[in-house]
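# After the sequence you'll find the predicted model.
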Amino acid sequence: MTATPIRIGIVTVSDRASQGVYQDKGGPAIRAVLARVIASPWVAEARVIPDDLDGVAATLAALADAAGCGLIVTTGGTGPAPRDVTPEATERVCQKMMPGFGEVMRKVSLEVVPTAILSRQTAGIRGSCLIVNLPGKPSAIEDCLMAVFPAIPYCLDLIGAGRIDTDPEVCRAFRPGS
């Protein structure tokens, strides 16, 4: 029996990338990490959207509800700048927040850069979808996603989001900043 591929939303939140001012590097960085770590079939639903509270919330809700994503991973919009609203949008659409994800991501990031304390990554659950906010810098994306990924398959199983299998060698070999 072949497993049904899980749908994974990959959302880049950036005014400039959404306007084509510069190339989106965050979304491809997420996709690359997921391709290395996930051993089971999956399908990406990628979006590049501006920093807008209502727009980010609507995109997250649509990916979870209409597109049927079991996991949504965002990049960008987690800093202290006025237009950084991704955590607020995530909180708006989620029924349960998962603060441990942000705590672990900040801990790992602080081992690499002291300004990581300014980041407001978070995670939450909407129905049977886990939403995880990552920072915008590609190297920080890998560090943060790999730090929390060991908990993601179990969380997805607990919320009925679908099953993903990971490559244990990739997860075991990861060291922040490498």
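That came through, no problem.

# shaky segments in the chain?
Applying pLDDT under 70 to the chain picks out residues 1-3, 170-178.

# which residue is nearest the middle of it?
Residue closest to the mean C-alpha point of the chain, counted by C-alpha atoms, centre = their mean, is residue 73 at 2.2 Å.

# and it, what element?
Element membership for residue 73 (DSSP states H and E) is strand 71-75.

# Direction included, what does that strand pair up with?
Counting by DSSP bridges, the strands paired with strand 71-75 are strand 6-13 (parallel), strand 129-134 (parallel).

# from these, which stretch is densest packed?
Comparing those by mean neighbour count (mean count of other C-beta atoms under 10 Å), strand 129-134 comes out on top with a mean of 28. Using the backbone N, CA and C atoms, a C-beta is placed for each residue, glycine as well.

# contacts for that one?
26, 30, 60, 63-64, 69-75, 77-78, 86-87, 90, 93-94, 98, 101-102, 105, 120-125, 140-141, 144-145, 148, 152, 155-156, 159, 161 (C-beta atoms under 8 Å, 6 or more residues apart in numbering).

# dump the residue contacts of residue 89.
Residue 89 is in contact with 53, 56-57, 60, 77, counting by C-beta under 8 Å, 6+ apart.

# my guess is residue 159 contacts residue 126, does it?
No: applying C-beta atoms under 8 Å, one finds residue 159 not in contact with residue 126, separated by 9.4 Å.

# neighbour count winner among these two?
Set side by side, residue 159 and residue 126 show more neighbours around residue 126, with 21 against 16, by other C-beta atoms under 10 Å.

# What separation do you get for the residue found closest to the more buried one once you drop the neighbours it is linked to in the chain and residue 117?
Once flanking residues are discounted, residue 126 sits nearest to residue 64: 4.6 Å by C-beta to C-beta, 6 or more residues apart in numbering. Residue 64 is 29 Å from residue 117, where distance means C-beta to C-beta, to the nearest Å.

# For the closest residue to residue 138 other than its chain neighbours, which residues are in contact?
Counting by C-beta to C-beta, 6+ apart, the nearest residue to residue 138 once its immediate chain neighbours are dropped is residue 29, at 3.9 Å. By C-beta under 8 Å, 6+ apart, the residues touching residue 29 are 75, 138, 141-142.

# mind running it again at 10 Å?
Under the criterion of C-beta atoms under 10 Å, 6 or more residues apart in numbering, the contact partners of residue 29 comprise 10, 12, 75, 134, 136-142, 145.

# Can you tell me which of these has the most neighbours?
When neighbours are counted by other C-beta under 10 Å, residue 75 leads those with 32 neighbours.

# Hmm, that residue is touching residue 105, no?
No: using C-beta atoms under 10 Å, residue 75 makes no contact with residue 105, being 12.0 Å away.
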